[in-house]
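**Student:** Sequence isn't available, so here's the structure alone:
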């Protein structure tokens, strides 16, 4: 009788232990595992909204989506589709006759499995095209055209008068068309690079 009772106790204890181990093994893969994404790792995103050099200002925020998963040692740390929030670091609109447009962006945070993580990235900088050559073309072309018209109208003296008038007309065209602002629309791909490591809890 005593042996039987002891047998039942040992058998019951073994069953409980087996169940506990089974439950632990089943829940172990879901336990978050901290993974550090190293410095200089690229983060590829696409913009969810437009960002422009002539409408945005330093301090504005923008939304974007991770377009390519970040994988470390075979583990997906930041999945594709993860939402990110960015910051406009600097925005300068283009001048009409001089001054290039400038747009500087950086990432501030990324959300993984419902948790937001602060990130620090190198700024992604876009510089507008230099429009000086184009403006000189407009002004120079206007001056040449004015000289031709002046010469036809009144000979050499007319050419002297027509030249400055044509240059003025060319400068007006440059003023009206010379702006070259930077406009990044939704779905525009932008790549950032981590300035320092970030540790993210990854589910097993």
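**Tutor:** Great, that's in hand. Every value quoted in this text rests on a predicted model; they were computed, and no experiment measured them. Numbers count the residues shown, from 1 in each chain.
**Student:** Every contact and neighbour count from this point should use C-alpha atoms.
**Tutor:** Will do.
**Student:** can you list the weak-confidence ranges in this structure?
**Tutor:** Along the chain, segments meeting pLDDT under 70 span 1-30, 95-99, 129-179, 204.
**Student:** Any idea how far apart the tips of stretch 46-60 sit?
**Tutor:** Start-to-end span of stretch 46-60 (C-alpha to C-alpha, to the nearest Å) is 17 Å.
**Student:** Can you tell me what sits against that stretch?
**Tutor:** If you take C-alpha atoms under 8 Å, 6 or more residues apart in numbering as the criterion, stretch 46-60 is touched by 62-67, 87-94, 101-103, 181-190.
**Student:** Drop anything exposed from those.
**Tutor:** 62-67, 87-94, 101-103, 181-184, 190 (16 or more other C-alpha atoms under 10 Å).
**Student:** Would you map the helices across the protein?
**Tutor:** 2-27, 132-177 (DSSP state H).
**Student:** Domains in this protein, by residue range?
**Tutor:** 36-131+181-203, 136-178 (automatic domain parsing).
**Student:** Give the bridge partners for residue 37, please.
**Tutor:** For residue 37, the beta-bridge partners under DSSP bridges are residue 198.
**Student:** ok, it - contacts?
**Tutor:** 72, 77, 197, 198, 199, 200.
**Student:** with those in mind, which one is nearest to residue 119?
**Tutor:** residue 198 (6.5 Å; C-alpha to C-alpha).
**Student:** The closest one and residue 37: what is the separation?
**Tutor:** For residue 198, the distance to residue 37 - C-alpha to C-alpha - is 5 Å.
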